[in-house]
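K.L.:
what's the 3D shape of this:
(one chain, ligands or ions: 1)
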Amino acid sequence: KEKIEFTTEQQALMRVITDAYNKHQIPQDVTKKLLQDQYSTEENFLLLTEMATSQVQVLVEFTKNIPGFLSLDREDQIALLKGSAVEAMFLRSAQALNKKMPIGHTEVLEERIHKSGISEEFIKPMFNFYKSIGELHMVLEEQALLTTITILTPDRPYVKDQPAVERLQENVLDLLRKMCVLHHPQEPQYFARLLGRLTELRTLSHYHAEMLASWKVNNHKFTPLLCEIWDVQ
Ligand SMILES: O=C(Nc1ccccc1F)[C@H](C1CCCCC1)n1c(-c2ccc(Cl)cc2)nc2cc(F)c(F)cc21
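P.N.:
Coordinates of the predicted model:
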């Protein structure tokens with residue numbers, strides 16, 4: 001049985017990232033709303049644009065707590081945010097769906113998302129991703145670290161100093177690897193499976209603009225922030 005040791009830096013990094021991740025209350029808000037009422041496709045589209053907009057704002061706050069992020073080149077910070085915002089939102093959505101809920105709530109939530117106005121062709125890939133995240137039974141720390149790793153992806157478009165991002169990402173990858181051994185000692189491949197989900201996440205995120213444009217509503221109105229970040233309009 002491998003004894004897992006965390007350095008003092010890793011303990012500090014874990015605490016900072018977990019605390020920052022906990023500050024986001026959005027997923028509860030959206031699941032609570034969706035469980036309360038069945039909304040029209042217009043109302044759902046509006047809810048999505050509101051949620052996605054606040055998710056970007058929350059993501060910006062979150063990145064400020066990632067040690068070293070603010071020392072990166074300013075334009076690279078923007079490139080990393082722009083490149084990861086959609087993925088972070090789908091990751092958050094997956095975690096919202098897979099949260100422990102009273103009996104029957106998850107089924108209601110799934111039903112409401114199925115009927116929310118999203119076009120059929122995207123339902124399957126989206127729920128396949130949500131299920132594959134759910135099967136991992138990630139602990140909160142792993143969710144927070146996975147989101148951080150997604151943000152610190154060096155090969156996003158327009159990133160100039162990729163090595164600087166790689167160095168930050170490596171620290172978080174090291175920490176996540178140890179957390180996986182600690183929380184899933186029976187699954188030596190768990191860490192690799194976790195990283196494999198990031199590939200699925202990137203594929204799903206390629207469809208986001210189409211998913212929004214094909215939403216079953218007459219006019220697709222977006223916030224200025226969403227136009228910036230989500231490549232829509
Ligand atoms: O708000 C959302 N996600 C979300 C955004 C920011 C932070 C946290 C979030 F969960 C939307 C709602 C919006 C309202 C209509 C139904 C879908 N959402 C998606 C989703 C996201 C993007 C596209 Cl293009 C298609 C579906 N998948 C979900 C799974 C869930 F379990 C959940 F609770 C909400 C979910």
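K.L.:
tell me which residues in stretch 30-48 are buried?
P.N.:
30-31, 34, 39, 44-45, 47-48 (16 or more other C-beta atoms under 10 Å). In short, each C-beta sits where N, CA and C put it, glycine included.
K.L.:
farthest-separated two in those?
P.N.:
Spanning the widest gap among the buried residues of stretch 30-48 are T31 and F45, at 17.5 Å by C-beta to C-beta.
K.L.:
Give the next helix or strand downstream of the lowest-mean-pLDDT helix or strand in the chain.
P.N.:
Lowest by mean pLDDT, DSSP states H and E among the helices and strands of the chain is helix 26-36, with a mean of 89. Per DSSP states H and E, helix 26-36 leads on to helix 41-64 as the next helix or strand towards the C-terminus.
K.L.:
For stretch 167-186, list the C-alpha coordinates in PDB.
P.N.:
Extracted in PDB, the C-alpha atoms of stretch 167-186 (Å, rounded to 0.1, in the frame of the first residue of the first chain):
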ATOM      1  CA  ARG A 167       4.800  24.500 -15.200                       C
ATOM      2  CA  LEU A 168       1.700  25.500 -13.400                       C
ATOM      3  CA  GLN A 169      -0.400  22.700 -14.800                       C
ATOM      4  CA  GLU A 170       2.300  20.100 -13.800                       C
ATOM      5  CA  ASN A 171       2.100  21.100 -10.100                       C
ATOM      6  CA  VAL A 172      -1.700  20.600 -10.200                       C
ATOM      7  CA  LEU A 173      -1.400  17.300 -12.100                       C
ATOM      8  CA  ASP A 174       1.100  16.000  -9.500                       C
ATOM      9  CA  LEU A 175      -1.300  16.900  -6.800                       C
ATOM     10  CA  LEU A 176      -4.300  15.300  -8.600                       C
ATOM     11  CA  ARG A 177      -2.300  12.100  -9.200                       C
ATOM     12  CA  LYS A 178      -1.700  11.800  -5.400                       C
ATOM     13  CA  MET A 179      -5.300  12.600  -4.500                       C
ATOM     14  CA  CYS A 180      -6.500   9.900  -6.900                       C
ATOM     15  CA  VAL A 181      -4.200   7.300  -5.200                       C
ATOM     16  CA  LEU A 182      -5.400   8.500  -1.800                       C
ATOM     17  CA  HIS A 183      -9.100   8.400  -2.600                       C
ATOM     18  CA  HIS A 184      -9.200   5.500  -5.000                       C
ATOM     19  CA  PRO A 185      -6.500   3.100  -3.800                       C
ATOM     20  CA  GLN A 186      -8.200   0.100  -5.500                       C
END
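K.L.:
Sort out which residues of that stretch are buried, please.
P.N.:
Neighbour counts over stretch 167-186 (16+ other C-beta under 10 Å) mark 168-169, 171-173, 175-181, 184 as buried.
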